[in-house]
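Asker: sequence first, then the predicted structure, then my questions.
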Amino acid sequence: MTHWYYADAGGQRQGPFTAEELAAHARNGRLTTESLVWRDGLDDWKPFGSLASELDVPVDALPRVEPAIEEAPGQAHVPYAPPTAELTSAHALVIGGHVVQAGLWKRFAAAFIDNFVTTAISYALIIPLMLVGAGVIGAGGDNPLATGAGMATIFAMYPILILAPCVYFGWMQSSSMQASLGKLAVGIKVVRTRGDRAGFWRNFLRSLAYVLFSALTCGLGVLISALMVAFTERKQALHDMICDTLVVDKWAFTAHPERQRDELGTVTIVILVLAALMIAGVIAVYAVMGAVLLGNLPS
């Protein structure tokens with residue numbers, strides 16, 4: 001199904017509509033021949049008069065109202081703007097044009113940074129709980145109620161480990177930046193599949209779906225998600241497909257799509273190198289520990 005959009009008199013994007021719905025709006029007088037419209041497959045916004053025939057709407061029946069624009073001296077009047085024009089603000093959604101999808105390596109670099117952030121947040125909440133729980137158990141002595149309360153406090157850390165990252169991603173990625181700290185660093189963001197902002201609960205559930213999928217598959221979900229990002233057409237992992245989201249360049253669906261970059265970028269490369277060094281270091285430590293243990297075994 002083809003989705004149609006139009007810009008109203010105030011410059012606000014309206015839609016999506018089916019072809020029949022847009023034709024009905026035109027017949028009701030909501031669109032003029034100069035109204036900007038866009039549909040799937042168009043590179044630019046077009047005046048409705050040039051596309052009315054696709055919807056079987058007679059052009060002669062449409063009102064011809066010139067937009068009231070106060071022109072600067074020496075500037076030629078342009079009856080309509082291209083889709084890269086900022087209709088309302090720097091964060092205005094612009095549909096159409098080339099979209100750079102965030103690939104596996106950019107997403108890995110962003111996740112590497114975010115892992116440190118979410119770990120710090122989680123432990124900032126967990127450590128006080130563990131201290132309180134241990135204190136309650138110690139002060140209670142043989143009192144079973146005190147012991148139970150202390151254990152319940154300690155066990156509360158498990159929901160925190162799951163929910164704290166979900167709240168973090170839900171809050172950051174539903175903000176005007178549409179990105180977590182890691183995604184901001186590498187220049188990517190999370191959007192709905194049609195390009196608009198994903199809300200808090202959608203981002204919260206997106207993170208929760210990833211955590212649960214990884215936990216239920218004993219970590220294989222991480223590998224499966226990576227393979228899906230690498231090989232699916234729109235570079236979507238399973239949690240993206242479940243929650244109707246995309247990860248794209250930060251300039252995608254904006255007034256400046258020409259600023260998008262297909263290359264990794266300096267920050268991403270630096271993070272990938274640091275991650276590789278850290279992984280190599282961990283492997284080396286385990287190799288040394290294994291060699292020491294094997295050397296201490298009796299002959």
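Answerer: Sure thing, it's come through.
Asker: how about low-confidence regions in this structure?
Answerer: Residues of the chain meeting the criterion pLDDT under 70: 1, 10, 61-92, 95-96, 137, 140-147, 149-150, 299.
Asker: what segments of it are helices?
Answerer: Using DSSP state H, the helices assigned to the chain run over residues 19-27, 104-140, 144-155, 157-173, 181-186, 200-216, 220-231, 238-243, 266-296.
Asker: quick one: the ones you listed as JSON lines, columns for mean neighbour count and distance to W38 too.
Answerer: Every C-beta, even on glycine, is put in place using the N, C-alpha and C of the backbone. Converted to JSON lines, the helices of the chain look like this (neighbours: other C-beta atoms under 10 Å; distance: least, C-beta to C-beta, whole Å):
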{"stretch": "helix 19-27", "mean neighbour count": "18", "distance to W38": "11"}
{"stretch": "helix 104-140", "mean neighbour count": "16", "distance to W38": "28"}
{"stretch": "helix 144-155", "mean neighbour count": "14", "distance to W38": "53"}
{"stretch": "helix 157-173", "mean neighbour count": "18", "distance to W38": "25"}
{"stretch": "helix 181-186", "mean neighbour count": "22", "distance to W38": "27"}
{"stretch": "helix 200-216", "mean neighbour count": "18", "distance to W38": "24"}
{"stretch": "helix 220-231", "mean neighbour count": "15", "distance to W38": "28"}
{"stretch": "helix 238-243", "mean neighbour count": "18", "distance to W38": "24"}
{"stretch": "helix 266-296", "mean neighbour count": "12", "distance to W38": "32"}
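Asker: mind putting those into a markdown table with distance to A9?
Answerer: Shown next, in a markdown table, are the helices of the chain (distance: least, C-beta to C-beta, whole Å):
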| stretch | distance to A9 |
| --- | --- |
| helix 19-27 | 13 |
| helix 104-140 | 39 |
| helix 144-155 | 58 |
| helix 157-173 | 32 |
| helix 181-186 | 35 |
| helix 200-216 | 30 |
| helix 220-231 | 41 |
| helix 238-243 | 34 |
| helix 266-296 | 42 |
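Asker: just so I know, which of these lies nearest A7?
Answerer: Nearest to A7, of all the helices of the chain, is helix 19-27, at 12.4 Å by C-beta to C-beta.
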